[in-house]
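Student: Structure here, sequence nowhere to be found:
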């Protein structure tokens with residue numbers, strides 16, 4: 001991934017601001033899809049704004065695989081997970097250009113979140129193929145992009161990449177100031 005187009009690590013502190021809950025409440029957004037014991041993916045997790053609530057929702061028998069390309073983001077995520085007593089549920093995964101990390105989770109996850117990050121990935125087609133490969137059959141991918149930052153045409157192009165990978169569009173949930181869609185793995 002080209003790091004020039006990526007949100008700088010220090011902006012991660014802004015992303016974990018508690019006031020963000022007024023726009024993006026993790027429990028409201030993810031609650032309908034997550035259950036105890038699930039294995040889930042937070043792709044583009046940054047410092048864990050969604051990851052920590054996901055860990056609480058899946059509980060001790062669950063797992064949250066947190067993917068990011070910035071080690072500083074993942075270090076802060078790990079620190080926050082430890083402070084919250086969630087370090088055994090949170091699994092930071094550094095994306096380094098090696099597909100092994102994706103292959104190790106082949107058909108492993110029950111749910112994936114791709115929130116405000118696809119526009120930063122230079123090869124979105126490969127991104128959706130990787131997510132498709134990591135999800136079990138009939139699993140859900142919640143995909144959302146910020147409407148003010150990502151044109152609808154780019155969002156629709158991403159959906160076409162997801163369909164090409166094998167995902168089926170379901171519904172478009174309303175998520176604060178964003179383009180959003182639920183996709184199911186065939």
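Tutor: Arrived safely. What you see is a predicted model, and the numbers here were worked out from it, not measured in a lab. Residues are numbered from 1 along each chain as shown.

Student: Residue 152 contacts residue 179, doesn't it?
Tutor: Yes - if you go by Cβ atoms under 8 Å, residue 152 and residue 179 touch, sitting 6.2 Å apart. Any C-beta I mention is one placed from the backbone N, CA and C, and that applies to glycine too.

Student: Quickly find the element holding residue 33.
Tutor: Assigned by DSSP states H and E, residue 33 belongs to neither a helix nor a strand.

Student: Please report the distance of residue 178 from residue 44.
Tutor: In this structure, residue 178 and residue 44 are 14 Å apart, going by Cβ to Cβ, to the nearest Å.

Student: related to what we said a few turns ago, among residue 152 and residue 179, which residue is more densely surrounded?
Tutor: Taking neighbours as other Cβ atoms under 10 Å, residue 152 and residue 179 compare with residue 179 leading, 19 against 10.

Student: Chain neighbours aside, what residue packs nearest to the more buried one?
Tutor: In space, and not counting its chain neighbours, residue 179 is closest to residue 155: 4.1 Å by Cβ to Cβ, 6 or more residues apart in numbering.

Student: In a strand, that neighbour, correct?
Tutor: No - counting by DSSP: H, G, I helix; E, B strand; the rest coil, residue 155 falls outside a strand, being helix.

Student: what's the distance between it and residue 21?
Tutor: Separation of residue 155 from residue 21 (Cβ to Cβ): 24 Å.

Student: Look at these two and report which has more neighbours.
Tutor: Legend: neighbour count by other Cβ under 10 Å for residue 155 and residue 21, higher for residue 155 (20 against 13).

Student: measure the closest residue to residue 148 other than its chain neighbours to residue 149 for me?
Tutor: Closest residue in space to residue 148, ignoring its immediate chain neighbours: residue 177 at 6.3 Å, by Cβ to Cβ, 6+ apart. Residue 177 is 10 Å from residue 149, where distance means Cβ to Cβ.

Student: Now do the helices in this structure.
Tutor: Assigned by DSSP state H, the helices in the chain fall at 12-15, 26-30, 51-58, 71-83, 100-103, 124-134, 152-165.

Student: Of the ones you listed, flag the one that's most buried.
Tutor: For the helices of the chain, the largest average neighbour count (mean count of other Cβ atoms under 10 Å) is found in helix 51-58, namely a mean of 24.

Student: ok and that one relative to helix 71-83, angle-wise?
Tutor: If you take axes from the mean of the first three to the mean of the last three Cα atoms, to 10 degrees, helix 51-58 sits at 40 degrees to helix 71-83.
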